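Asker: model the structure of this input:
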Amino acid sequence: MQWLESLEQLGASAFDSVSEGLSSGLADRIKSELNPDSPSAPADQPEKQYNTTTTQPVDGPEQTQGAANSIQSTLNQYKWWIAGGLGIVAFMAIKGSK
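Answerer: The predicted structure follows:
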């Protein structure tokens with residue numbers, strides 16, 4: 001039971017140290033070091049506002065939003081395949097009609 005009493009004394013001394021540190025202004029010092037000179041009302045200081053504009057994506061599915069942009073993107077990407085396929089179909093239609 002000796003170890004239990006020593007553990008209790010250790011816990012009590014640690015608790016006393018923490019409470020003494022907090023009562024002596026340690027919490028205020030930590031707070032001032034973590035957040036130095038922060039404005040109380042940042043909305044009143046527009047020159048210190050963060051830039052909140054979002055950039056538009058340059059690739060991916062977010063770039064081609066809407067049906068018209070999606071169709072235009074597909075035509076730009078596969079225009080030679082589409083032209084070739086239509087050319088073959090036209091050739092076969094002309095050859096088959098004779």
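
Asker: switch to C-alpha atoms for all contacts and neighbour counts from now on
Answerer: Fine.

Asker: quick check: residue 6 vs residue 13, distance?
Answerer: Distance from residue 6 to residue 13, counting by CA to CA, to the nearest Å: 11 Å.

Asker: same question but for residue 32, I mixed them up
Answerer: Plainly put, residue 32 is 27 Å away from residue 13 if you go by CA to CA.

Asker: show me how this structure divides into domains.
Answerer: Split into domains by automatic domain parsing, the chain comes to 1-35, 67-98.

Asker: which of those has the lowest mean pLDDT?
Answerer: When those are compared by mean pLDDT, domain 1-35 comes last with a mean of 74.

Asker: adding distance to residue 53 and mean neighbour count, write the domains of the chain out as JSON lines.
Answerer: Formatted as JSON lines, the domains of the chain follow (distance: least, CA to CA, whole Å; neighbours: other CA atoms under 10 Å):
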{"stretch": "domain 1-35", "distance to residue 53": "25", "mean neighbour count": "11"}
{"stretch": "domain 67-98", "distance to residue 53": "23", "mean neighbour count": "11"}
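
Asker: now the element after the helix or strand harbouring residue 33, going C-ward?
Answerer: Residue 33 belongs to helix 26-34 when assigned by DSSP states H and E. The C-terminal neighbour of helix 26-34 among helices and strands, as given by DSSP H and E, is helix 67-97.

Asker: which strands or helices does that following helix pack on?
Answerer: Counting contacts by 3 or more CA pairs under 8 Å, 6 or more residues apart in numbering; DSSP states H and E, helix 67-97 is packed against no other helix or strand.

Asker: give me the helices and strands touching the strand or helix carrying residue 7, please.
Answerer: When elements are assigned from DSSP H and E, residue 7 belongs to helix 2-23. The contact analysis (3+ CA pairs under 8 Å, 6+ apart) places helix 2-23 against no helix or strand.
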